[in-house]
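>>> Okay, here's the prediction I keep looking at, along with the sequence it came from:
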Amino acid sequence: RTCGWMMWNWMASSLFAGASIVCFDGFAAYPKLDAPWSLVESEGVTHLGTSPRYFQACRARVTPSESHDMSKLRVVFSTGSPLTDEDFRYVYAKVKSDVMLASISGGTDICSCFALGNPTLPVRVGELQAFGLGMDGRAFDRDAEQFVVGEKAELVCATPMVPAPVCFYGADSESSVILNLPGSRRWRLQATASRRRRRRGGIATASSLAGDDANKSRYRGAYFDGKPGMWYHGDLVEVTGSVGSAGGVVVHGRSDTTLKPGGVRIGTAEVYRFAEEHPLVEDSLVIGDQLKTGKRAGDVRIVLFVKLTPVRRRAPLRRPAVARPPSLASAHRRRHPRAHIPRSRLRSLPPPQGTELTKELEEEIRAQIRNGASDAHVPALIKEVQKIPYTRSGKKVEVAVRDLMAGLEPKNVGALQDPTAFDEYRAMAADW
């Protein structure tokens, strides 16, 4: 958690409820994949916050209900991206059968959730249980201009809500702003404005992206760009009606990353769910690439970038243990054995090898997506990559990659976990 993500504020606010906070700092799979579950056991954690990526890594390799004491655990929160049906089943089959699994979705803009868990309602596979208290959440069809149930549509809040920001801080001449954190709707809209200026030959300066005018034009344009009085949050959702007008809710992804091949509206989460179920796909990223030539010019094709599961290399041989008095140095070697392998031996180790993306593997991935979803979800193009770019808050950077492939250089690269993650996509875009 960082101060740049609303989850930090949520975590800190639990102190006011008299709770104690247990933080896991660093890579969740270090030194072993089950490290967070060990922390749950040792510290008696009652409410655990994690992500779908961690569940995906654990599914086939970790069974906490058998290897750890989960008796104190009551609630598991998940956020950062939509939780798949397989993740729900994993938690109840291999973590704890009577835990409350709460998939939650909101925004840094409001420092709150639109849809989240509710201890008075049953947990249904694939759904966020209900809209939050005081949140008049709906799925709004822009074309039909009506609220819909059982259909994919834009997430809106139809009436005023307590956590809504009332303005953007600062004047046009000022460069300091709030509510412009990476991943927020305003951050995405400013990136779009910057791209439009570049297309017109203009330059987007810091001051042109800061503050607001007396009429709150930028604020209104960011959140109220449709039917008057309704907050548009930028998510593609489906209200199932399982608990009436209060929910449940299925999040299909960002509305600004919605794929529309042949006019069919598809959320990116629908593709990830089945692509990443393939045992050789470690991670993936999907974009909608607009065709510029041919009979389908103007239509969108689905492009899937896959990071394949690496082949594990054999661990280096270790020297026989030698009896010696304990010391700080020897204790450090026990904790970090690889750090003390002689450099000559490290250089002799074979480099890690990756699985090759063959035509047969491509067809397997396509078949998995087709059988799990539909023909419309099948990517027209599958490309192998070494890195999948994520923001510091753990969200896939789909829009920026889409822009790169369209010949536009993305801004806010500093918001990435790894700024070099764009390098191979940039090189690929040169020959796109």
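Happy to help now that I have it.

>>> shaky segments in the stretch 251-400 of the chain?
Along the stretch 251-400 of the chain, the model assigns pLDDT under 70 to residues 311-354.

>>> quick one, helices of it?
268-275, 328-335, 343-348, 359-372, 398-405 (DSSP state H, counting those that start in this stretch).

>>> Repeat that for the stretch 51-200 of the chain.
52-58, 64-67, 85-90, 185-199.

>>> what about residue 274, neighbour count?
Counted with other CB atoms under 10 Å, residues neighbouring residue 274 total 22. All C-beta spots, glycine's among them, are computed from the backbone N, C-alpha and C.

>>> Going by mean pLDDT, which of the helices of the stretch 51-200 of the chain comes out lowest?
With a mean of 49, helix 185-199 has the lowest mean pLDDT of those.

>>> After that helix, which helix or strand is next?
Using DSSP states H and E, the helix or strand that follows helix 185-199 in sequence is helix 217-223.

>>> Would you mind naming the residues that bridge with the residue lying closest to residue 146 once chain neighbours are set aside?
Nearest non-adjacent residue to residue 146, counting by CB to CB, 6 or more residues apart in numbering: residue 140, 7.5 Å away. Counting by DSSP bridges, residue 140 is bridged to residue 147, residue 154.

>>> what residues are up against residue 140?
Listed by CB atoms under 8 Å, 6 or more residues apart in numbering, the contact set of residue 140 reads 146-148, 153-156, 158, 226-227, 230, 232.

>>> again, but for residue 401
285, 287, 305, 389, 422, 425.

>>> Give me the distance between it and residue 288.
According to CB to CB, to the nearest Å, residue 401 stands 11 Å off from residue 288.

>>> Kindly report the same for residue 162.
35 Å.

>>> which one of those two has more residues nearby?
residue 288 (19 against 9).

>>> That one reaches residue 304, doesn't it?
No - using CB atoms under 8 Å, residue 288 makes no contact with residue 304, being 11.0 Å away.

>>> re earlier: rebuild the contacts of residue 401 as JSON lines, extending it with neighbour count.
Shown next, in JSON lines, are those (neighbours: other CB atoms under 10 Å):
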{"residue": "285", "neighbour count": "26"}
{"residue": "287", "neighbour count": "26"}
{"residue": "305", "neighbour count": "25"}
{"residue": "389", "neighbour count": "27"}
{"residue": "422", "neighbour count": "20"}
{"residue": "425", "neighbour count": "24"}
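
>>> And those, which two are furthest apart?
287 and 422 (13.3 Å; CB to CB).

>>> for residue 69, what are its contacts?
residue 41.

>>> In PyMOL, select just the buried ones from the contacts of residue 140.
Here is the PyMOL command that picks out the buried ones among the contacts of residue 140, judged by 16 or more other CB atoms under 10 Å:
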select buried, resi 153+154+155+156+230+232
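
>>> now the contacts of residue 140 in JSON lines, with distance to residue 417 and pLDDT?
Formatted as JSON lines, the contacts of residue 140 follow (distance: CB to CB, whole Å; pLDDT from 0 to 100):
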{"residue": "146", "distance to residue 417": "40", "pLDDT": "93"}
{"residue": "147", "distance to residue 417": "37", "pLDDT": "94"}
{"residue": "148", "distance to residue 417": "36", "pLDDT": "94"}
{"residue": "153", "distance to residue 417": "31", "pLDDT": "91"}
{"residue": "154", "distance to residue 417": "28", "pLDDT": "92"}
{"residue": "155", "distance to residue 417": "26", "pLDDT": "94"}
{"residue": "156", "distance to residue 417": "31", "pLDDT": "94"}
{"residue": "158", "distance to residue 417": "35", "pLDDT": "93"}
{"residue": "226", "distance to residue 417": "33", "pLDDT": "80"}
{"residue": "227", "distance to residue 417": "36", "pLDDT": "80"}
{"residue": "230", "distance to residue 417": "34", "pLDDT": "91"}
{"residue": "232", "distance to residue 417": "28", "pLDDT": "91"}
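
>>> between the contacts of residue 401, which is nearest residue 221?
Nearest to residue 221 among the contacts of residue 401, with distances taken as CB to CB, is residue 287, at 24.7 Å.
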